[in-house]
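# what's the 3D shape of this:
(one chain, ligands or ions: 1)
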Amino acid sequence: MTDTLAARHDFAIALAREAGALALDLRRRLGALEAKNPMDYATKADHDVEALIRERIGERFGDAVIGEEDGGVAADLVWVVDPIDGTVNYIHGTPRWCVSIALVAGGEIESGVINAPDEGRLFTARRGGGAFLNGAPAQVSNLRHGASPVVEIGWSPRRPIELYGTLIRRLIGDGIEFRRLGSGALGAADTASGLNDGYVELHINAWDILAGMILVREAGGWTSDFLAGDGLTKGNPIIVCTPEIVDRISAATAEPQ
Ligand code: LIP
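The predicted model follows:
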């Protein structure tokens, strides 16, 4: 059996489906919540779904894995997974959550799969192969809607809340609407499929965003250099957007003078 990048991409799609089905099943019996910080949680489902993903990758390829719940170390070829992205939404019972699986090889994001089973949306992208939503080609908005841009913002206490206040003030001042919907992966996936015009967060972790980044790139969008420095293991700020608003979003996120 050939262990190529193509084989790993096809495997990731099947794995994201299986992991999504498990997460849907586990939501009916959530159990105790693990508060990682005052507004960030993990459930038994986060841990069980990540364990499934690790088991399947280990059985099939034996590759390195970096996951939100159980960590991992960088390697030349490494899977980067968030078993349930949008955990707060998952806990509250809203459908905006997903399984996010990315494959990085030689410092390049080669493959991304985001499965939002409660919404019936499966996003896939391979480097150079295009981006797809439920098998149909996905494309960024290119502002075809003709209205004010809409940018989704992620948030965490890893950066001072005051900087988010500045970001929102700058966006509104530039005529750009903002949303905060709780899943970085789906924020980027919506950018790739044209449902918003960008996703911004002043610090995000690799497992939340790498799959979404390759989706946006393959859908004709722009992405910041998230993997610069220690992005893979320590995270970085992120901008993904339709190309027409790169300068405006970059200005809004620039460190206050
Ligand atoms: C989420 C991230 C998002 C961030 C949320 C949350 P989780 O990940 O995808 O970027 O803004 O606060 O951290 O914790 O749901 O896996």
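
# Show me the protein divided up by domain.
Split into domains by automatic domain parsing, the chain comes to 2-137, 150-253.

# which stretches of the stretch 101-250 of the chain form strands?
108-116, 121-126, 130-133, 136-137, 150-153, 177-179, 198-204, 222-223, 236-241 (DSSP state E, counting those that start in this stretch).

# would JSON lines of these with distance to residue 60, mean neighbour count and mean pLDDT be doable?
C-beta here means a position set from N, CA and C on the backbone, and glycine is covered the same way. Putting these into JSON lines (distance: least, C-beta to C-beta, whole Å; neighbours: other C-beta atoms under 10 Å; pLDDT from 0 to 100) gives the following:
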{"stretch": "strand 108-116", "distance to residue 60": "14", "mean neighbour count": "25", "mean pLDDT": "98"}
{"stretch": "strand 121-126", "distance to residue 60": "18", "mean neighbour count": "24", "mean pLDDT": "98"}
{"stretch": "strand 130-133", "distance to residue 60": "22", "mean neighbour count": "20", "mean pLDDT": "98"}
{"stretch": "strand 136-137", "distance to residue 60": "28", "mean neighbour count": "9", "mean pLDDT": "98"}
{"stretch": "strand 150-153", "distance to residue 60": "34", "mean neighbour count": "23", "mean pLDDT": "98"}
{"stretch": "strand 177-179", "distance to residue 60": "37", "mean neighbour count": "15", "mean pLDDT": "98"}
{"stretch": "strand 198-204", "distance to residue 60": "28", "mean neighbour count": "26", "mean pLDDT": "98"}
{"stretch": "strand 222-223", "distance to residue 60": "28", "mean neighbour count": "20", "mean pLDDT": "98"}
{"stretch": "strand 236-241", "distance to residue 60": "29", "mean neighbour count": "24", "mean pLDDT": "98"}
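
# Please tabulate those in JSON lines, including the columns distance to the ligand.
Formatted as JSON lines, the strands of the stretch 101-250 of the chain follow (distance: least, C-beta to the nearest ligand atom, whole Å):
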{"stretch": "strand 108-116", "distance to the ligand": "11"}
{"stretch": "strand 121-126", "distance to the ligand": "14"}
{"stretch": "strand 130-133", "distance to the ligand": "19"}
{"stretch": "strand 136-137", "distance to the ligand": "24"}
{"stretch": "strand 150-153", "distance to the ligand": "8"}
{"stretch": "strand 177-179", "distance to the ligand": "12"}
{"stretch": "strand 198-204", "distance to the ligand": "5"}
{"stretch": "strand 222-223", "distance to the ligand": "15"}
{"stretch": "strand 236-241", "distance to the ligand": "8"}
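
# What distance do you get for the residue of the stretch 1-150 of the chain found nearest the ligand to residue 170?
Proximity to the ligand, evaluated over the stretch 1-150 of the chain using C-beta to the nearest ligand atom, is greatest for residue 87 at 3.8 Å. Distance of residue 87 to residue 170, given as C-beta to C-beta, to the nearest Å: 28 Å.

# Enumerate the residues of the stretch 1-150 of the chain near the ligand.
Applying C-beta under 6 Å from any ligand atom, we find that the stretch 1-150 of the chain lies next to the ligand at 40, 68, 82, 85, 86, 87.
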